[in-house]
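In: Sequence plus predicted model, see below.
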Amino acid sequence: MKLHSDNTQQYQTVTGYDASGVEINAQRYQYSLTVMPETPPRAWNVARFEDLSAAHFEEIAKDKPDVVVLGTGERQRFVHPKLVASLSAMHVGVDCMDSQAACRTYNVLMGEGRKVTLALIIDAGA
């Protein structure tokens, strides 16, 4: 099913995903990363959900996104509000969802022209 319009081809779009990785513009990544529409994907030093710290979200805050979509793996998990305080202080929402839903949501928001960051945790041991 098509989730975005054709005019998004110049942007970083999720083109596929599974438990072991994600494809951005048909290039495969098998490690945690952050993705923004106009910025190439960047490695995100998070091996597992349990490893998340405030510093991980402070790194994302530097990009000044409108919203952050956090993909937490195969199941939805929620971060403690203390971890996302840097984003909350900027009035940036963090939506936590399973990684497949996060990828779909990112594509929709990106297609709407939003300054969205997809923060995707890919557990290399999964």
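Out: The structure has been received and is ready for your questions.

In: can you give me the helices for the protein?
Out: Along the chain, counting by DSSP state H, helices occupy 54-61, 85-88, 99-111.

In: could these be laid out in a markdown table, adding distance to Tyr17?
Out: C-beta coordinates here come from the backbone N, C-alpha and C atoms, glycine included. Output for the helices of the chain, formatted as a markdown table (distance: least, C-beta to C-beta, whole Å):
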| stretch | distance to Tyr17 |
| --- | --- |
| helix 54-61 | 20 |
| helix 85-88 | 24 |
| helix 99-111 | 5 |
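
In: Which among these is found nearest to Trp44?
Out: Shortest distance between Trp44 and the helices of the chain, using C-beta to C-beta, is found for helix 54-61: 7.0 Å.

In: before we move on, back to that, looking at the helices of the chain, which is buried most?
Out: helix 99-111 (a mean of 21; mean count of other C-beta atoms under 10 Å).

In: ok so, going back, among the helices of the chain, which comes closest to Leu70?
Out: helix 99-111 (6.6 Å).

In: Which elements pack onto the closest one?
Out: strand 14-18, strand 67-71, strand 93-97, strand 116-120 (3 or more C-beta pairs under 8 Å, 6 or more residues apart in numbering; DSSP states H and E).

In: how about 10 Å then?
Out: Counting contacts by 3 or more C-beta pairs under 10 Å, 6 or more residues apart in numbering; DSSP states H and E, helix 99-111 packs against strand 14-18, strand 21-24, strand 33-36, strand 67-71, strand 93-97, strand 116-120.

In: Next, format those as a markdown table and append mean neighbour count and distance to Ala85.
Out: Converted to a markdown table, the helices and strands packed on helix 99-111 look like this (neighbours: other C-beta atoms under 10 Å; distance: least, C-beta to C-beta, whole Å):
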| stretch | mean neighbour count | distance to Ala85 |
| --- | --- | --- |
| strand 14-18 | 17 | 28 |
| strand 21-24 | 20 | 27 |
| strand 33-36 | 22 | 18 |
| strand 67-71 | 25 | 13 |
| strand 93-97 | 17 | 10 |
| strand 116-120 | 26 | 16 |
